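Enquirer: Please work out how this folds:
(chains A, B, C and D)
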Protein chains: 2
Amino acid sequence: MGAASDGLIPTPQLLEELSQFFRLLSEPARLQLLCLLKTGPQDVASLIGSTGFSQSHISRQLSQLQRAGLVRCEREGTRLIYTADEPLVNDLCVLVMGRLRERLEQQLEHLQAA
Amino acid sequence: MGAASDGLIPTPQLLEELSQFFRLLSEPARLQLLCLLKTGPQDVASLIGSTGFSQSHISRQLSQLQRAGLVRCEREGTRLIYTADEPLVNDLCVLVMGRLRERLEQQLEHLQAA
DNA sequence: GGCTGCTATGACCATAGCCGCATATCCCGG
DNA sequence: CCGGGATATGCGGCTATGGTCATAGCAGCC
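Expert: Numbers count the residues shown, from 1 in each chain, chains lettered A, B, ... in the order given. Next up is the predicted model:
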């Protein structure tokens, strides 16, 4: 399964868009923000407190995520409440985590065999 | 499904490993190599020809992919034949492509509605 | 309107990573 | 064991981006 697109070579544009998407997740700070927001909407102050990053940094990263549609925000008084708006990210992380786990197990048993 | 880990905040190490994995896919060159190899094993010369990149660049990228276990190689005479060794990558790409498609459709109908 | 607190942005530095050139290293075949 | 082709690696230039500081913009409240 998943074989529907096997054998197809993506166009350069698609390749670029795919890699740009993965690039968003390739930064620990952004991934952390997404994971924090996964647990529920939060305002910027909370995110700053949880991560320890500067306000400007948080703002930039959230902008990127918002432009990509991974996050959305709404005003609450003077604050902005951000919300993760893409279950796909979580699914991707779960898949990759499973893979990391498999690899560790393989390394472990390879070690025990030797 | 996939909801088993909702609400869990990854440790810094896990965050780092996840993002490192995504970083591998965040480079068009590497993603292209993976897509080319997805169609079947190839030797380095073919990859150079298909991509137009220099030999040293190809070699470096393949090294990275190999260290990550996404690719594996075996000798055939004097040449190295590389093989994509991870269906996960294709699955991830399919998921993201579906998401890109959805977004384009939304933009389209949003345009028509206006 | 002016003040206050929150968020976004411009300027800037430091670093990481891509990429090619030249060269070293390796491995097969003779 | 040696030669030649194939692959890996040291080096350097360049660009992109993470990260901070200072500051501008902006929305609400008195």
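Enquirer: Which residue ranges of chain A form strands?
Expert: Using DSSP state E, the strands of chain A run over residues A:42-43, A:71-76, A:79-84.
Enquirer: Tell me which of those strands lies nearest to B:Glu109.
Expert: strand A:71-76 (18.3 Å; Cβ to Cβ). Backbone N, C-alpha and C define where each C-beta goes, glycine included.
Enquirer: Of the strands of chain A, which is nearest DNA strand C?
Expert: Proximity to DNA strand C (Cβ to the nearest atom of the strand) singles out strand A:79-84 among those, at 3.9 Å.
Enquirer: which of the residues in stretch A:90-100 are buried?
Expert: Neighbour-count burial for stretch A:90-100, counted by 16 or more other Cβ atoms under 10 Å in any protein chain shown, picks out A:Asn90, A:Asp91, A:Leu92, A:Cys93, A:Val94, A:Val96, A:Met97, A:Arg99.
Enquirer: So which of these reach chain B?
Expert: A:Asn90, A:Asp91, A:Leu92, A:Cys93, A:Val94, A:Val96, A:Met97, A:Arg99 (Cβ under 8 Å from any Cβ of the partner chain).
Enquirer: wait, which of these is closest to DNA strand C?
Expert: A:Val96 (17.3 Å).
Enquirer: what's the biggest helix by length in chain A packed up against?
Expert: Taking DSSP state H as the criterion, chain A has its longest helix at helix A:87-113. Judged by 3 or more Cβ pairs under 8 Å, 6 or more residues apart in numbering or on different chains; DSSP states H and E, the packing partners of helix A:87-113 are helix A:28-38, helix B:12-25, helix B:87-113.
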